[in-house]
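[1] Give me a 3D structure for the following:
(2 chains)
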Amino acid sequence: MSFRTPAVLTALALALAVGAAAPARAAAACSDASGVCLSDDKAKWEPDASLSAKQLKAKRKGPACKVAFEIDGGRGSVFVNGRYAGTVPNVNLSLLPGKHDIQVRDGQKILAEGVLTVPKGGSLQVTVRHG
Amino acid sequence: MIAHSIPATRPVPKLAAALLAVTLPITTLPLPALAAEDVTPARAAGVRKTVQDRAKPMLSSDPGGAASLLSTEAKKTNDPLLFIDAGEAYLAEGVAERDKAALEQAIEHASIGIDIAAFQQDPRCDPAWQHLDAGEYDRELTRGKKVIEDSEKAIADLDKPVEAPPPVEEPKKEKGTPRDGRGLIAGGSLMTVVGVGGLAMIGAGLALSSKAQKDVDALDPSAIDFDAQFADIDKRGKTANVVAYAGIGVAAVGLGVGIALLALGVKKRKAYRAEHGASESARVHVAPALGYGYGGLTLGGRF
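    Below you'll find the model as predicted:
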């Protein structure tokens, strides 16, 4: 067994670990464990995280990103930074880059909540699994 | 002197062009997050009341118009209570018009109202964005759920195949005359009349017989035509006896059968009236008939 084998195995293990932690890319059916799939690798989803009042008030700068929400297998309303943003499928937002506090719910059931880091410009598809 | 015409400067188009040049890039820029206004329950209630006052008179006459108004204002204000109000109005429209699309709108609006009301109780909600007082949430959530339940039920009812109304069972008309005993009563009455006739024959027979006896007793045996008169009177007396005897038979049979048939008929009629009501029935009545030189019974009836 050469010295390369442990290195390759380590790299593979790391890759798997990283892959499991990061939300999957948005697809027709979201299969990520967090229940949220993003279409852009630059975007980041931190489930159950929340922003402090200071972070919420922080000014965000840069070109906005067009963020569209989709719910896989049901309906739901999207709340961004503490306020109602819309109900799927009519949720097409223009969010400034940075962190945003997100909650998606169907009635009293919370489908997803956490912090979404929006990249600069471009567009982002967020798919939330209804489950 | 030559007048020089100096071309007038045209500042307006230049200014407009400059403004356009500056304005276009600005409008294409993404809007920064608007500094959202604070929403307090008191402030939301004031705005809501204005909308509800406009919608209320329309709810009974034009629920669709009321629903449209409430929906528009709910989307402007994001007030969960107005979303649920709109849901109720769409439900009223859907039920009145049997309109499935309106019922689906009722579910959608009530669901959004519930989403927002539930979120406003969540710690993630902006504390400066509250449409309802703390005590109002449960009531509104219950109301929203009822709108959804009622709308789903109404949709299920619409989806059911329309069942033909059960045929109204018409009372069966009995063929011919009703079996209310009128035949028995008629027959009984006839036989009773025959029986009464028999009684009359008895009376007549006895009277004639008695007269014949008197006539015989009054004959003079020494009279030359005694035998002829006796034979004649005896013949009349025998005839009267035959009439009386026949009357006995006729009276016995007529009255016996007639009264029995009448009894049966009346009994049957009573049973029929109990079953079908007393709208139509045969009637029989017997009344005494007395007058100068006669006496008897009168029998009347309607069949």
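[2] Would you check how far apart the spatially closest residue to residue B:261 that is not a sequence neighbour and chain A are?
    For residue B:261, ignoring the flanking residues on the chain, the nearest one in space by Cβ to Cβ, 6 or more residues apart in numbering or on different chains is residue B:188 at 3.0 Å. Backbone N, C-alpha and C define where each C-beta goes, glycine included. As judged by Cβ to the nearest Cβ, to the nearest Å, residue B:188 and chain A stand 82 Å apart.
[3] so what does the helix or strand residue B:273 falls within touch, helix or strand wise?
    Element membership of residue B:273, judged by DSSP states H and E, is helix B:226-276. Using 3 or more Cβ pairs under 8 Å, 6 or more residues apart in numbering or on different chains; DSSP states H and E, the elements in contact with helix B:226-276 are helix B:182-217, strand B:283-291.
[4] what bits of the stretch 1-150 of chain B have low per-residue confidence?
    For the stretch 1-150 of chain B, the stretches with pLDDT under 70 are B:1-36.
[5] change it to 90
    Within the stretch 1-150 of chain B, the stretches with pLDDT under 90 are B:1-37, B:59-61.
[6] mind listing the helices for it?
    Assigned by DSSP state H, counting those that start in this stretch, the stretch 1-150 of chain B shows helices spanning B:11-28, B:41-61, B:63-77, B:80-97, B:100-119, B:137-159.
[7] starting at the chain centroid, how far to the second one?
    To tie it back to what came earlier, the one meant is helix B:41-61. From the chain centre to the centre of helix B:41-61 is a distance of 39 Å (Cα atoms, centre = their mean, to the nearest Å).
[8] Stretch B:127-141 and chain A, any residue contact?
    Yes - residues of stretch B:127-141 are located near chain A by Cβ under 8 Å from any Cβ of the partner chain, namely B:127, B:129, B:141.
[9] buried subset of those residues?
    Neighbour-count burial (16 or more other Cβ atoms under 10 Å in any protein chain shown) is assigned, among these, to B:129, B:141.
[10] any idea how far residue B:91 lies from residue B:143?
    Separation of residue B:91 from residue B:143 (Cβ to Cβ, to the nearest Å) stands at 11 Å.
[11] Check residue B:119 too.
    Taking Cβ to Cβ, one finds residue B:119 at 17 Å from residue B:143.
[12] who's more crowded, the two?
    Neighbour totals were compared for residue B:119 and residue B:143, and residue B:119 leads with 25 against 18 (other Cβ atoms under 10 Å in any protein chain shown).
[13] residue contacts, that one?
    Listed by Cβ atoms under 8 Å, 6 or more residues apart in numbering or on different chains, the contact set of residue B:119 reads A:77, A:79, A:84, A:103, A:105, B:125.
[14] Likewise for residue B:261?
    Residue B:261 neighbours (Cβ under 8 Å, 6+ apart): B:184-185, B:187-188, B:191.
[15] And what about residue A:111, helix, strand or coil?
    Assigned with DSSP: H, G, I helix; E, B strand; the rest coil, residue A:111 falls in the strand class.
[16] For burial, what's the neighbour tally of it?
    23.
[17] unless I'm mixing things up, it is touching residue A:127, no?
    No - Residue A:111 lies out of contact with residue A:127 (Cβ atoms under 8 Å); the separation is 11.0 Å.
[18] shared neighbours of the two, anything?
    Shared contacts of residue A:111 and residue A:127, counting by Cβ under 8 Å, 6+ apart, come down to residue A:71.
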